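# mind folding the following:
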Amino acid sequence: RVHFVMWLASRGLLRRGALRAGWRGLASEGSSAEASVSSDGSHYDSIVTEVLDEGVGVLRLHRPKELNAFNSTMTREIVRALNNFQRDSTVAAVVVAGSEKAFAAGADIKEMASRSFVDQAFRHRAGDWIDDVTRFKKPLIAAVRGFALGGGCEFAVA
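Modelled structure (predicted):
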């Protein structure tokens with residue numbers, strides 16, 4: 001991925017210093033707020049988004065008590081945020097990050113336990129949102145730090 005990002009920068013698709021700025025933006029853990037309102041006015045409960053001046057979109061998973069385990073709300077918000085980044089012409093690439101302790105702990109088992117077998121097996125297909133992530137057309141860089149388990153690992157390599 002580093003080579004790909006360097007290739008993008010060499011072609012002028014990432015402005016000079018954009019990646020460095022993206023990593024600087026990820027160095028701070030962000031606010032401790034429980035919700036986020038992005039620059040386009042979208043409201044999120046389990047992620048935090050921002051667009052840095054250098055054209056780097058940042059999507060931070062923000063369910064620290066659950067080690068960023070994916071529940072249905074978070075996966076919908078990730079897809080919605082990526083769609084917003086896709087439409088934003090000022091965003092050249094997106095960096096996805098978790099927290100220092102965990103990138104993502106996989107599926108939220110507490111949420112899954114509340115569903116019946118039929119509901120889990122047929123209505124809530126766990127990996128469907130990953131298909132939406134793989135269709136994202138801009139460079140998507142996973143800044144993995146800490147645990148990346150199950151779906152968290154799948155998300156990082158998507």
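# could you pull out the helices for this structure?
Using DSSP state H, the helices assigned to the chain run over residues 2-10, 18-27, 72-87, 109-113, 117-118, 128-134, 151-157.
# and the second one, average pLDDT?
It refers to helix 18-27. Average pLDDT, helix 18-27: 50.
# check the longest one too.
Confidence for helix 72-87, expressed as mean pLDDT, is 94.
# list the buried residues for that helix?
By neighbour count with 16 or more other CB atoms under 10 Å, helix 72-87 contains the buried residues 74-75, 77-82, 84-85. (Each C-beta comes from the backbone N, C-alpha and C, glycine too.)
# again with the fourth one
Of all the residues in helix 109-113, those buried under the rule 16+ other CB under 10 Å are residue 111.
# check contacts around residue 75.
Contact analysis of residue 75 by CB atoms under 8 Å, 6 or more residues apart in numbering lists residue 129.
# how near is it to residue 92?
Using CB to CB, to the nearest Å, residue 75 is found at 25 Å from residue 92.
# and residue 147, by the same measure?
Distance, residue 147 to residue 92, using CB to CB: 29 Å.
# looking at these two, which has the bigger crowd around it?
In this view residue 147 and residue 92 are compared by other CB atoms under 10 Å, and residue 92 has more residues nearby, 21 against 18.
# skipping adjacent residues, who's closest to the more buried one in space?
Spatial nearest neighbour of residue 92, excluding adjacent residues (CB to CB, 6 or more residues apart in numbering): residue 55 at 4.1 Å.
# can you give me the pLDDT of that neighbour?
In this model, residue 55 carries a pLDDT of 89.
# does it touch residue 91 like I think?
Yes - between residue 55 and residue 91 there is a contact under CB atoms under 8 Å: 6.1 Å.
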